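Trainee: 3D model of this:
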Amino acid sequence: AGDHVAAEKRATGRDVRGQGIRLDQVDLYIRARQERSHATSIVHAMAETCSHLDTVADVAPSSEGCEDCLRSGGRWVHLRLCMECGHVGCCDSSPNRHATAHFHAHADHPLIRSYEPGEDWWYCYADDLLFEVDGAPPAPSHP
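Mentor: Sure, this is the predicted structure:
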(Lines give C-alpha, C1' and ligand atoms only; values in the text may rest on other atoms or scores of the structure.)
Protein backbone atom coordinates (compact mmCIF):
# COMPACT_ATOMS: atom_id res chain seq x y z
CA ALA A 1 0.00 0.00 0.00
CA GLY A 2 2.92 2.35 0.62
CA ASP A 3 3.87 2.80 -3.05
CA HIS A 4 0.27 3.51 -4.03
CA VAL A 5 -0.11 5.95 -1.13
CA ALA A 6 3.04 7.76 -2.23
CA ALA A 7 1.82 7.91 -5.85
CA GLU A 8 -1.55 9.29 -4.75
CA LYS A 9 0.14 11.88 -2.57
CA ARG A 10 2.49 12.91 -5.42
CA ALA A 11 -0.43 13.22 -7.84
CA THR A 12 -2.91 14.99 -5.59
CA GLY A 13 -1.02 16.31 -2.59
CA ARG A 14 -3.36 14.21 -0.39
CA ASP A 15 -2.25 11.41 1.88
CA VAL A 16 -4.58 8.40 1.53
CA ARG A 17 -2.73 6.29 4.10
CA GLY A 18 -5.82 6.01 6.30
CA GLN A 19 -7.80 4.73 3.32
CA GLY A 20 -5.48 1.74 2.87
CA ILE A 21 -5.62 1.80 -0.94
CA ARG A 22 -3.83 -1.06 -2.71
CA LEU A 23 -3.59 -1.77 -6.43
CA ASP A 24 -5.95 -4.72 -6.03
CA GLN A 25 -8.51 -2.31 -4.57
CA VAL A 26 -8.36 0.27 -7.36
CA ASP A 27 -11.80 -0.70 -8.70
CA LEU A 28 -13.45 -0.20 -5.32
CA TYR A 29 -11.51 3.00 -4.71
CA ILE A 30 -12.57 4.49 -8.05
CA ARG A 31 -16.22 3.65 -7.55
CA ALA A 32 -16.23 5.09 -4.01
CA ARG A 33 -14.56 8.31 -5.18
CA GLN A 34 -17.04 8.64 -8.07
CA GLU A 35 -19.98 8.11 -5.75
CA ARG A 36 -18.72 10.72 -3.24
CA SER A 37 -18.04 13.31 -5.89
CA HIS A 38 -19.31 14.12 -9.34
CA ALA A 39 -15.92 15.52 -10.24
CA THR A 40 -14.79 14.80 -13.76
CA SER A 41 -11.48 13.29 -12.74
CA ILE A 42 -10.25 10.76 -10.25
CA VAL A 43 -6.74 12.10 -9.90
CA HIS A 44 -5.41 15.04 -11.89
CA ALA A 45 -1.90 14.41 -13.05
CA MET A 46 0.10 16.34 -15.59
CA ALA A 47 2.22 14.61 -18.22
CA GLU A 48 5.39 15.20 -16.19
CA THR A 49 3.92 13.10 -13.36
CA CYS A 50 3.74 9.93 -15.46
CA SER A 51 6.97 9.48 -17.35
CA HIS A 52 5.49 6.96 -19.82
CA LEU A 53 2.79 8.87 -21.70
CA ASP A 54 5.10 9.01 -24.71
CA THR A 55 4.67 5.20 -25.07
CA VAL A 56 0.92 5.46 -25.77
CA ALA A 57 -0.02 4.07 -29.16
CA ASP A 58 -3.24 4.25 -31.16
CA VAL A 59 -4.37 0.76 -30.20
CA ALA A 60 -7.30 -1.46 -31.09
CA PRO A 61 -8.58 -3.76 -28.34
CA SER A 62 -7.38 -7.33 -28.86
CA SER A 63 -10.76 -8.82 -27.87
CA GLU A 64 -14.16 -8.02 -26.35
CA GLY A 65 -13.18 -9.71 -23.07
CA CYS A 66 -10.00 -10.71 -21.28
CA GLU A 67 -8.17 -12.46 -24.08
CA ASP A 68 -6.30 -14.77 -21.69
CA CYS A 69 -9.47 -15.73 -19.76
CA LEU A 70 -11.32 -16.36 -23.02
CA ARG A 71 -8.50 -18.71 -24.09
CA SER A 72 -8.35 -20.56 -20.77
CA GLY A 73 -12.02 -20.53 -19.80
CA GLY A 74 -11.38 -18.15 -16.90
CA ARG A 75 -13.61 -15.34 -15.65
CA TRP A 76 -13.03 -11.66 -15.01
CA VAL A 77 -14.46 -8.82 -12.95
CA HIS A 78 -13.32 -5.74 -14.91
CA LEU A 79 -11.26 -5.21 -18.04
CA ARG A 80 -8.13 -3.16 -18.72
CA LEU A 81 -6.61 -2.10 -22.04
CA CYS A 82 -2.84 -1.96 -22.63
CA MET A 83 -2.09 1.39 -24.24
CA GLU A 84 1.02 0.05 -25.96
CA CYS A 85 -0.39 -2.98 -27.83
CA GLY A 86 -4.15 -3.21 -27.20
CA HIS A 87 -4.04 -6.34 -25.04
CA VAL A 88 -7.29 -6.68 -23.09
CA GLY A 89 -6.69 -8.20 -19.67
CA CYS A 90 -8.63 -8.65 -16.45
CA CYS A 91 -8.19 -6.45 -13.37
CA ASP A 92 -6.49 -7.30 -10.10
CA SER A 93 -9.89 -8.06 -8.53
CA SER A 94 -10.20 -10.92 -11.03
CA PRO A 95 -8.80 -14.36 -10.13
CA ASN A 96 -6.08 -14.36 -12.81
CA ARG A 97 -5.02 -10.67 -12.89
CA HIS A 98 -4.07 -10.87 -16.56
CA ALA A 99 -3.58 -7.11 -17.08
CA THR A 100 -0.88 -7.03 -14.39
CA ALA A 101 0.60 -10.31 -15.69
CA HIS A 102 0.82 -8.69 -19.15
CA PHE A 103 2.82 -5.79 -17.68
CA HIS A 104 5.15 -8.21 -15.85
CA ALA A 105 5.75 -10.07 -19.12
CA HIS A 106 6.13 -6.80 -21.08
CA ALA A 107 7.71 -4.18 -18.80
CA ASP A 108 7.82 -1.79 -21.75
CA HIS A 109 3.96 -1.73 -21.66
CA PRO A 110 3.44 0.24 -18.42
CA LEU A 111 0.17 2.06 -19.20
CA ILE A 112 -3.33 0.66 -19.05
CA ARG A 113 -6.67 2.31 -19.37
CA SER A 114 -9.99 1.13 -18.05
CA TYR A 115 -11.93 -0.81 -20.66
CA GLU A 116 -15.18 -0.34 -18.76
CA PRO A 117 -18.10 1.83 -19.91
CA GLY A 118 -18.05 5.30 -18.34
CA GLU A 119 -14.53 5.04 -16.87
CA ASP A 120 -11.81 7.30 -18.29
CA TRP A 121 -8.94 6.64 -15.87
CA TRP A 122 -5.44 5.44 -16.69
CA TYR A 123 -2.92 3.58 -14.55
CA CYS A 124 0.86 3.47 -14.91
CA TYR A 125 2.37 0.33 -13.40
CA ALA A 126 5.92 1.69 -13.56
CA ASP A 127 5.06 4.93 -11.74
CA ASP A 128 2.29 3.32 -9.62
CA LEU A 129 0.00 6.19 -10.55
CA LEU A 130 -3.74 6.37 -11.15
CA PHE A 131 -4.75 9.40 -13.24
CA GLU A 132 -6.78 10.90 -16.08
CA VAL A 133 -5.41 12.71 -19.11
CA ASP A 134 -7.05 16.07 -19.72
CA GLY A 135 -8.20 16.33 -23.34
CA ALA A 136 -7.82 12.61 -24.09
CA PRO A 137 -10.56 11.07 -26.20
CA PRO A 138 -13.17 9.08 -24.27
CA ALA A 139 -11.99 5.68 -23.15
CA PRO A 140 -12.97 2.73 -25.29
CA SER A 141 -15.06 0.07 -23.59
CA HIS A 142 -16.16 -3.47 -24.17
CA PRO A 143 -19.63 -4.07 -25.63
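
Trainee: Okay, strands next: where are they in this protein?
Mentor: 79-82, 88-90, 111-114, 122-124, 129-131 (DSSP state E).

Trainee: in stretch 67-74, what counts as buried?
Mentor: For stretch 67-74, burial by neighbour count (16 or more other C-beta atoms under 10 Å) applies to 67-69. From N, CA and C alone the C-beta is placed, and that goes for glycine too.

Trainee: what does it contact?
Mentor: For stretch 67-74, contacts defined as C-beta atoms under 8 Å, 6 or more residues apart in numbering pick out 63, 66, 75-76, 87-90, 94-96, 98, 101.

Trainee: ok, and the most crowded of the residues you listed?
Mentor: For the contacts of stretch 67-74, the largest number of neighbours (other C-beta atoms under 10 Å) sits with Cys66, at 30 neighbours.

Trainee: what sits against His106?
Mentor: 82, 84-85.

Trainee: tell me the helices in the protein, going along the chain?
Mentor: For the chain, helices defined by DSSP state H occupy the ranges 2-12, 26-36, 67-72, 98-105.

Trainee: Pick out the shakiest of these, pLDDT-wise.
Mentor: Sorting these by mean pLDDT places helix 2-12 lowest, at a mean of 43.

Trainee: Which single one of the contacts of stretch 67-74 is nearest to His52?
Mentor: Taking C-beta to C-beta as the measure, His52 sits nearest to His87 out of those, at 15.7 Å.
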